[in-house]
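Student: Can you look at this prediction? I've put the sequence above it.
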Amino acid sequence: MTKKIGIVTGGGDCPGLNAVIRAIVKAGGLYGWECFGIHGGFDGLLTPVQAMPLATKDMDGLLIRGGTILGTANSGQFSAKTGHGELRQVPQKILTQAKTNFDALGLFALVAIGGDGTLTIAQQMFEMGFPIVGVPKTIDNDLDATQTTFGFDTAVACAVDALDRLHSTAQSHNRVMVLEVMGRYAGWIAAYAGLAGGADVILIPEIKFNYDAIQRKIQTREAEGKYFTIVIVAEGATIEGQGFVTSNKKTCNDRETRLGGIGHMVATKIETRSKKETRCVVLGHLQRGGQPTQWDRQLCTRFGVHAFQMIVRKQFGFMVALNKNGMMGPVTLKDAINKIRRVDPAGELVMTARALGISFGD
C-alpha cells in the first residue's frame with residue numbers, strides 16, 4: 001500500500017517554502033510515496049478539505065520560486081499565538097475535525113513548515129495524536145533550537161540591497177535615512193544587514209535605545225565631515241521606558257500583534273532634534289518576496305529531505321534543525337518552541353559592530 005504524506009505551510013510567506021515542498025515530494029517520489037499539499041494553512045484540513053496531490057513532475061521550477069504554491073495563513077481557527085506571543089489552545093473541536101479529515105485522506109504523516117506560531121500548532125496537533133514533523137521557516141531567525149531558519153538569508157540580502165541604494169541618495173542630499181525592517185522581537189535582520197550594509201546606527205529589540213545617543217552619533221559624523229547618516233531599525237525595537245510600536249487597527253483575537261511604525265517615529269524625532277532632512281523607508285513585505293538566495297535554496301533542500309527521512313523513521317513530534325556542526329538533526333517540537341532566539345547584546349555580532357563605531361542607540 002502506497003504511503004501518503006501531507007504538507008502544510010503556515011504563518012507568513014517566505015522565500016524557500018516551495019524549495020522545501022519540492023525536496024519532500026522528490027525524495028518521497030523516489031521511495032514510491034505520494035504527497036498531498038494542504039491549501040491555505042492548517043484550515044485546509046477542515047471541512048471542506050482543501051488538498052491536492054503533488055507529483056514529482058509538478059516540482060519543476062519550484063527551487064527558485066518565491067512564496068508557496070500551497071498558500072498560507074497567519075490567522076484563522078488554528079491560531080495558537082495571539083497578541084505579543086501569548087499562547088492559545090486551538091479548540092478541541094477544530095483539532096478533532098482536522099484529525100478526522102487527516103485520517104480520511106489516508107495520510108501517514110504531516111509535515112508542518114513554519115515558524116514559532118506554526119510549530120506551536122504542530123505541537124498541539126502532535127499531542128492530539130497527529131504523526132507530525134516540523135520544518136523551521138521564518139525570516140526572523142528567532143527559533144532557538146536551530147542555528148538558522150530558511151528565509152532569513154534572503155531577507156537580509158534584501159535589506160542590504162536597500163541600504164546600498166539608500167547610501168547614495170543619503171550622501172547626495174546630506175540626509176538621514178531610516179530603514180525599518182522586520183524581525184518581530186528579534187533583531188537578527190537589522191543586525192546582520194546593518195553590519196553588512198554599512199549602517200551607522202542599528203536599533204534592535206534586544207537593546208533599548210534613546211534619542212540622545214542617536215543624536216550624538218549624527219553630530220560625531222558631522223564633525224568628521226560626514227553629513228549623512230544611515231539608520232536601520234527593527235520593527236520590534238523600543239525606546240527606553242516605552243513599549244512596542246504596533247500597526248494593528250484593532251485588537252485581533254486570532255493573530256499576533258502586528259508590529260510596525262517605529263521607523264517613521266524615529267525619523268520624525270531625528271529630524272526635529274537634528275534639524276536635518278530625514279526620510280524613512282519601510283522595507284516591509286519586500287523581505288518576504290522574490291527568489292531565495294543560494295544559501296536558502298540548499299538549506300531548504302536539506303531540510304525537506306531530512307524531514308522525509310524522519311517520517312520514514314517515524315520520528316514524529318520532532319523538527320528538523322541545523323546544529324552547531326552544520327549538520328541536520330531532530331529536536332523535539334516542544335524544545336523548538338520553548339525559547340525565542342535573540343541577539344546577544346554582549347555577543348560577537350554586536351561587539352564587532354561597536355568596534356567599527358556603529359551605535360546601537362544606547
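Tutor: Perfect, I can see it now. Numbers count the residues shown, from 1 in each chain.
Student: for Val135, what are its contacts?
Tutor: 20, 111-114, 303-304, 307, 319-320 (Cβ atoms under 8 Å, 6 or more residues apart in numbering). Placement of C-beta: from N, CA and C, glycine included.
Student: hmm, 6 Å instead?
Tutor: If a contact means Cβ atoms under 6 Å, 6 or more residues apart in numbering, then Val135 has 20, 113, 303, 307, 320 as its contacts.
Student: Which of those fall in strands?
Tutor: 113, 320 (DSSP state E).
Student: Out of the contacts of Val135, which end up buried?
Tutor: 20, 113, 303, 307, 320 (16 or more other Cβ atoms under 10 Å).
Student: do you know how far Pro205 is from Val25?
Tutor: Distance, Pro205 to Val25, using Cβ to Cβ, to the nearest Å: 37 Å.
Student: ok, those two, which is more surrounded?
Tutor: Val25 (26 against 21; other Cβ atoms under 10 Å).
Student: Low-confidence stretches in the stretch 101-250 of the chain?
Tutor: In the predicted model of the stretch 101-250 of the chain, residues 248-250 satisfy pLDDT under 70.
Student: what about Thr220, distance to Asp200?
Tutor: For Thr220, the distance to Asp200 equals 9 Å [Cβ to Cβ].
Student: For these two, indicate the residue with more neighbours.
Tutor: Remark: of Thr220 and Asp200, Asp200 carries more neighbours, 23 against 14, as counted by other Cβ under 10 Å.
Student: How many neighbouring residues does the nearest residue to Gly83 once chain neighbours are set aside have?
Tutor: The shortest distance from Gly83 to any residue other than its chain neighbours is 5.5 Å, reached at Thr257 (Cβ to Cβ, 6 or more residues apart in numbering). With neighbours defined by other Cβ under 10 Å, the count for Thr257 comes to 18.
Student: Kindly provide the distance from Thr257 to Ala55.
Tutor: For Thr257, the distance to Ala55 - Cβ to Cβ - is 40 Å.
Student: Over to Asp362?
Tutor: In terms of Cβ to Cβ, Asp362 sits 54 Å off from Ala55.
Student: can you check Ile64 too?
Tutor: Per Cβ to Cβ, Ile64 is found 19 Å from Ala55.
Student: Sounds good, over and out.
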